[in-house]
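*Asks:* no FASTA, just this:
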Ligand SMILES: Cc1ncc(COP(=O)(O)O)c(C=O)c1O
């Protein structure tokens, strides 16, 4: 995910004439750090004193804590979310060349992970209300070739899993979830990783649960899949120097685990604060002409990783927000099927009209647990001035 709008990053895209107003970042990582700084420093001191940086008890403890938090039986820490999705596919023994269907509106990493696992990405359109994998589009896209369906729990809420698993099941395809943006989200009370065989999670710094660098995890109810992910991420070995398969170096280190454990203790509270902030935006922006506000799909407990509105003249709105030192983002400006890297798959413009229209209108507004009412009023007033 582009991090140029994270606080502390370059302000090159913010014009100077508004320098006297306080900036409102898209994500305020400094405010998040202030809440946990003391705990993290103490934890890091103890890791440094022990010098156990890789495969440490601190990492094992975090894995147990995150599994318990989500309610999924197993959590295996890996190096980042892209690896998490790749290792999940590899643990499920997805054959080389297998077709894996995912939504066209996702971060490119979902498709990268599929390619890296030796499989072939295929896309289906998203639904116009929530921009999640549309089960009807999925039904139309699945074929004899389809071996995996890979829904993405975008923006903080789960894709419609009952319908998705039903379509996959009828075709004999397995389901693996991309849960990179859905820490603590549930559907009908169930978490990511409890629907598919496995789910990949990212702890990229800007996520609801973010590390201080790259980190990720795989969630699964299966002890055997968890064992395989761990084996693959640790050079194919379960015992030192006994390499059962050709693996990777993809482990969650102790430094990141200290950060994640400290921040996990505040995740439920942070998610609740995000829900309140999302509700406040909904009120503040309710009657702005032409705007489409995001909402939770039925059965979903949304954790609002992103508050992505849709607006006409999006690039103009974005420019005006930047002029007023308001950080906003676009998730995502180009659907994956139109990215140059995936041209070889043979898709073109017009193949996924909902995702393509959304890419022109989406605008993510500042949202983080510490955002104040005053900040949100400023954001809403700026939008109203452009569109009202
Ligand atoms: C939907 C989605 N999938 C996968 C990833 C990849 O995660 P990471 O950046 O940790 O590799 C991300 C995060 O950026 C994401 O948002």
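*Replies:* Perfect, thanks for sending it. The shown structure was predicted, so the numbers you read here are calculated from the model rather than taken from an experiment.

*Asks:* How many neighbouring residues does whatever residue of the stretch 51-200 of the chain ends up closest to the ligand have?
*Replies:* Across the stretch 51-200 of the chain, the shortest distance to the ligand (Cβ to the nearest ligand atom) belongs to residue 81, at 2.4 Å. Placement of C-beta: from N, CA and C, glycine included. Using other Cβ atoms under 10 Å, the number of residues around residue 81 comes to 28.

*Asks:* Would you check that it makes contact with residue 200?
*Replies:* Yes: counting by Cβ atoms under 8 Å, residue 81 does reach residue 200; the two are 5.9 Å apart.

*Asks:* Buried residues, stretch 145-160. List them.
*Replies:* 146-160 (16 or more other Cβ atoms under 10 Å).

*Asks:* for stretch 374-388, same thing?
*Replies:* 375-376, 378-380, 382-383, 386-387.

*Asks:* how about the residues of the stretch 101-250 of the chain that lie near the ligand?
*Replies:* Residues of the stretch 101-250 of the chain that fall close to the ligand, judged by Cβ under 6 Å from any ligand atom: 106-107, 109-110, 152, 178, 180-181, 202, 204, 214, 216.

*Asks:* What segments of the stretch 101-250 of the chain are helices?
*Replies:* Assigned by DSSP state H, counting those that start in this stretch, the stretch 101-250 of the chain shows helices spanning 109-116, 135-141, 161-171, 223-233.

*Asks:* possible to save the residues of the stretch 101-250 of the chain next to the ligand as CSV with pLDDT?
*Replies:* Below are those laid out as CSV (pLDDT from 0 to 100):
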residue, pLDDT
106, 98
107, 98
109, 98
110, 98
152, 99
178, 99
180, 98
181, 98
202, 99
204, 98
214, 98
216, 99
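
*Asks:* Shouldn't residue 355 be within a helix?
*Replies:* Yes: assessed by DSSP: H, G, I helix; E, B strand; the rest coil, residue 355 belongs to a helix.

*Asks:* if I pick it, what's in contact with it?
*Replies:* Listed by Cβ atoms under 8 Å, 6 or more residues apart in numbering, the contact partners of residue 355 are 103-105, 125-126, 131, 335, 337.

*Asks:* Return the subset of those lying in strands.
*Replies:* residue 103 (DSSP state E).

*Asks:* farthest pair in the contacts of residue 355?
*Replies:* 131 and 337 (14.7 Å; Cβ to Cβ).

*Asks:* quick one, which of these two is more surrounded?
*Replies:* residue 131 (27 against 24).

*Asks:* per-residue pLDDT, that one?
*Replies:* If you check residue 131, the pLDDT there is 98.

*Asks:* got it, and residue 9?
*Replies:* For residue 9, pLDDT reads 37.

*Asks:* I'd like the buried residues of stretch 374-388 laid out as CSV, including distance to residue 93.
*Replies:* Formatted as CSV, the buried residues of stretch 374-388 follow (distance: Cβ to Cβ, whole Å):
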residue, distance to residue 93
375, 48
376, 47
378, 51
379, 47
380, 49
382, 51
383, 48
386, 51
387, 50
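
*Asks:* farthest pair in those residues?
*Replies:* Top of the distance list for the buried residues of stretch 374-388 (Cβ to Cβ): 375 and 387, 19.0 Å.
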